[in-house]
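In: requesting a structural model of the entry that follows:
(3 chains)
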Amino acid sequence: MEAVAIVTILALGQFVLFSIQVGSMRVKHGIKAPEVTGHPDFERMLRIQQNTMEQLVAFIPALWIFGYLVNPFWGAAIGLVFIVGRFVYRASYLKDPGSRGPGFTITFIPTAVMLVWSLLAALNVYF
Amino acid sequence: MEAVAIVTILALGQFVLFSIQVGSMRVKHGIKAPEVTGHPDFERMLRIQQNTMEQLVAFIPALWIFGYLVNPFWGAAIGLVFIVGRFVYRASYLKDPGSRGPGFTITFIPTAVMLVWSLLAALNVYF
Amino acid sequence: MEAVAIVTILALGQFVLFSIQVGSMRVKHGIKAPEVTGHPDFERMLRIQQNTMEQLVAFIPALWIFGYLVNPFWGAAIGLVFIVGRFVYRASYLKDPGSRGPGFTITFIPTAVMLVWSLLAALNVYF
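Out: Model (predicted):
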């Protein structure tokens, strides 16, 4: 499961990076805590980070269950697609929030595939 | 632990469903990203999804620790109560946010029970 | 891994406590769901709880990967620092949001240390 661990750490590192960038935007545009609005760039980066967190809540358990029930190396490979998709999502959202669709899809599909595949593998144990 | 994996996947599938419904509300009421307000139905669905995420952050580790230290089948059974409670929470919140109490409680109790029971089981190993 | 389980349960218990305190502030200041603004004390407690959730999303996987790849007892010890840091963060944020830096740092460092150390340990398996 070391391959799964490495991809998890990389995905969490990406999330930490996005969180730091939210903080930088906060300082840059003088938005004092606990305010969560005040400048479009800050609001976009905050939504990118929040959406990344939402996706991680499903992605990380999906990755580990998939690694455990199906195959850790395939899980790690699918997980790398997730990380690339998040960078695409970030870049497109910052440029134009309306163009965030493809980046969202590239990160959503890996999680969906791993969840469905793992469900079939788990059900196969009982039936 | 396959039973625990199945219930985790079902709970994450429910969360993905709620997230898709937030997106649908966004489109339906013409609320452009990164806006997070604009129509009561959208705001309610967003709060339902956000609260579900908050609960999952505690529920998923609680479920796996309980499955590992106490019993995976009991964990899976308690986890199903959580999922039912979330649907009750969603339905009541959409109808009237003030009536969300019972649905909230049905999802909170399973997590609390598993956390406390697991803590006692873990402490029992050392003392 | 029981030591890691105990620290995870304590950290989740802290998060549940913060969530209850958000609810209490909501009742105290008469802020009706789905509203998320209305009184500075409520908004501060909400941001404390949201930030704690963001940190947990990275901290819990980091703690378990570190426990698995490096050492569960060191993981548990580092995890206790995280919990203390969160209480410092909460106290300073409630008093003055501008003073939240040190509490934030005390919780961020444990996660960062465990992620980097675990990454090195995992890479060491392959290279």
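In: quick one: the longest helix along chain A to helix C:40-69, angle?
Out: Secondary structure of chain A read by DSSP state H shows that its longest helix is helix A:40-69. Helix A:40-69 and helix C:40-69 meet at an angle of 30 degrees, taking axes from the mean of the first three to the mean of the last three CA atoms, to 10 degrees as the criterion.
In: how close does the residue nearest the centre of chain A sit to residue A:30?
Out: For chain A, the residue lying nearest the average C-alpha position, counting by CA atoms, centre = their mean, turns out to be residue A:52 (4.2 Å). The gap separating residue A:52 from residue A:30 is 24 Å, by CB to CB, to the nearest Å. For every residue, glycine as well, the C-beta is placed using N, CA and C.
In: helix, strand or coil for residue A:35?
Out: On the three-state scheme (DSSP: H, G, I helix; E, B strand; the rest coil), residue A:35 is labelled coil.
In: got the phi/psi numbers for it?
Out: The main-chain torsion angles of residue A:35 are listed as degrees, to the nearest 10 and equal phi -60, psi 140.
In: how far away is it from residue B:59?
Out: Counting by CB to CB, the gap from residue A:35 to residue B:59 is 30 Å.
In: so those two - more neighbours on which side?
Out: For residue A:35 and residue B:59, the more surrounded residue by other CB atoms under 10 Å in any protein chain shown is residue B:59, and the numbers stand at 26 against 14.
In: ok, and the closest non-adjacent residue to the more buried one?
Out: residue B:111 (4.8 Å; CB to CB, 6 or more residues apart in numbering or on different chains).
In: residue C:87 versus that neighbour, what's the distance?
Out: Noted for residue B:111: a distance of 21 Å to residue C:87, by CB to CB.
In: give me the more crowded residue out of these two.
Out: Ranked by neighbour count (other CB under 10 Å), residue B:111 and residue C:87 place residue B:111 first, with 25 against 15.
In: touching, the residue nearest to residue B:59 and residue B:60? I think so.
Out: No: using CB atoms under 8 Å, residue B:111 is not in contact with residue B:60; the gap is 9.4 Å.
In: tell me the confidence at residue A:8?
Out: Reading off the per-residue confidence, residue A:8 sits at a pLDDT of 98.
In: go ahead and confirm it touches residue A:61.
Out: No: using CB under 8 Å, residue A:8 and residue A:61 do not qualify as a contacting pair, with a distance of 10.5 Å.
In: please name the residues that touch the nearest residue to residue A:15 once chain neighbours are set aside.
Out: The shortest distance from residue A:15 to any non-neighbouring residue, by CB to CB, 6+ apart, is to residue A:52 (5.5 Å). Residues counted as contacts of residue A:52 (CB atoms under 8 Å, 6 or more residues apart in numbering or on different chains) are A:14-15, A:18, A:86, A:89-90.
In: nearest to residue A:98 among those residues?
Out: Of all those, residue A:98 sits closest to residue A:89, with 12.9 Å by CB to CB.
In: the closest one in helix, strand or coil?
Out: The local conformation at residue A:89, judged by three-state DSSP, is helix.
In: roughly how far does it sit from chain C?
Out: According to CB to the nearest CB, to the nearest Å, residue A:89 stands 17 Å off from chain C.
In: now residue A:31
Out: Residue A:31 is 11 Å from chain C, by CB to the nearest CB.
In: likewise for residue A:125?
Out: Relative to chain C, and taking CB to the nearest CB, residue A:125 is found at 23 Å.
In: repeat that for residue A:115.
Out: Computed as CB to the nearest CB, the residue A:115 to chain C distance reads 17 Å.
In: and for residue A:12?
Out: As judged by CB to the nearest CB, residue A:12 and chain C stand 5 Å apart.
In: so which helix or strand takes in that residue?
Out: Here residue A:12, judged by DSSP states H and E, is contained in helix A:2-28.
In: then residue A:94?
Out: Residue A:94 is part of helix A:72-95 when elements are defined by DSSP H and E.
In: what are the contacting residues of that helix?
Out: The set of residues external to helix A:72-95 that reach it, using CB under 8 Å, 6+ apart, is A:1, A:3-4, A:6-8, A:10-11, A:14, A:18, A:41, A:44-45, A:47-48, A:51-52, A:55, A:59, A:63-64, A:66-67, A:99-100, A:102-111, A:113-114, B:33.
In: fine by me, thanks again.
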